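J.: Kindly return the folded structure for what I paste below:
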Amino acid sequence: MTTAATTPASLRFFHGTAAAAFAAFDPAYIAAGNVGFHFGTRAAALDRIRFLREQKTSNAQFSLLGKSENCARYRILECALDIRNPLRVEYIFGFSYGHLFETVEDEARRQHRADLLREINALSDEWMASDDDPSLRRGGSGHDAYNARLNRTFVRLFQALGYDGLVYANEIEAAADNPSSVALAKEDQSISNQPINNDSYVAFAPEQITILSSEAVKCAARRAA
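T.: Residues are numbered from 1 along each chain as shown. The predicted structure is shown next:
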């Protein structure tokens, strides 16, 4: 079930990144085929960075108290978002193509958009048939370019349906059933005007994002057992 949502202009959003310091989000990220830029609570951004770092090393943990050395590569950006009409969607271990097709089809039916339904059904048939093409499977020569085209198409379809972003309950980063995530969330209780219920938002374009501040994340090496 998808529903329209609202985004209060006073909300503060956070984005965790391993990229070098930058002044604006890169439109090439969207051009490469990503559905959008993700933002949420500071705790969720910290959890995202911890995941990124643990992909690189298994002997690190993040300091909640901020009393350790800076890891300059990892940063949290505090941002303001100009998302005025996001669509609330489910986020089940990421945005799978099957779920995205179901979401845009349901919304096109709700709005009686026969023109978009025809396009969505044709794209869905093409996507299901792509399994038979070895070049479009993961690792194939055409996989990345095909996925990039699909993601750009989903952004265009959401925009054609009148939405300028997405919002979802983030059950991955800073999830309530993760003890370390709960600790991160408690640390951030003093930060007002964050998204509620661990909601995260997706902006479709860099023009929707204003970077307010950039913070180097502090981390510490885990003690040997």
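J.: Just the strands from the chain, written as ranges.
T.: 3-4, 13-17, 37-39, 60-62, 70-81, 86-88, 165-169, 199-203, 209-221 (DSSP state E).
J.: Least reliable of these by average pLDDT, please.
T.: If you rank the strands of the chain by mean pLDDT, strand 60-62 sits at the bottom with a mean of 44.
J.: Ok, which of the strands of the chain comes nearest I120?
T.: strand 86-88 (14.7 Å; CB to CB). Placement of C-beta: from N, CA and C, glycine included.
J.: just checking, what's the longest helix in the chain?
T.: helix 143-160 (DSSP state H).
J.: if I look at the residue most central in space within the chain, how far off is F13?
T.: Central residue of the chain (CA atoms, centre = their mean): H38, 3.0 Å from the mean position. Counting by CB to CB, to the nearest Å, the gap from H38 to F13 is 9 Å.
J.: Mutual contacts of the two, please.
T.: Counting by CB atoms under 8 Å, 6 or more residues apart in numbering, the common neighbours of H38 and F13 are Y201.
J.: Next up, phi/psi of E90, please.
T.: The phi/psi pair for E90 (degrees, to the nearest 10) reads phi -90, psi 150.
J.: Run through the residues that contact it.
T.: With CB under 8 Å, 6+ apart, E90 has these contacts: H99, T103, Y168, A169.
J.: Beta-bridge partners for the last one, please?
T.: Here A169 shows beta-bridge partners D199, assigned using DSSP bridges.
J.: That one: neighbour count?
T.: 14 (other CB atoms under 10 Å).
J.: got a list of what it touches?
T.: E90, Y91, N197, N198, D199, S200.
J.: From these, list the buried ones, please.
T.: Using 16 or more other CB atoms under 10 Å as the burial test, the contacts of A169 include Y91, N198, D199, S200 as buried.
J.: Just flag the most distant two among those residues.
T.: Maximum distance among the buried ones among the contacts of A169 (CB to CB): 11.0 Å, for Y91 and N198.
J.: what do those two both touch?
T.: The overlap between the contact sets of Y91 and N198 (CB under 8 Å, 6+ apart) consists of A169, N170, E171.
J.: who touches the spatially closest residue to the last one that is not a sequence neighbour in this structure?
T.: Distances taken as CB to CB, 6 or more residues apart in numbering put Y91 closest to E171, at 7.1 Å, once the chain neighbours are dropped. Y91 sits next to Y168, A169, N170, E171, I172, S200 when contact means CB under 8 Å, 6+ apart.
J.: Relative to C79, which of those is nearest.
T.: S200 (12.4 Å).
J.: wait, isn't the closest one in contact with G165?
T.: No: using CB atoms under 8 Å, S200 is not in contact with G165; the gap is 10.7 Å.
J.: returning to that earlier point: wait, what's in contact with the residue nearest to the centre of the chain?
T.: Contacts of H38 by CB under 8 Å, 6+ apart are H15, S200, Y201, V202.
J.: would TSV of these with distance to A148 be doable?
T.: Below are the contacts of H38 laid out as TSV (distance: CB to CB, whole Å):
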residue	distance to A148
H15	21
S200	22
Y201	22
V202	17
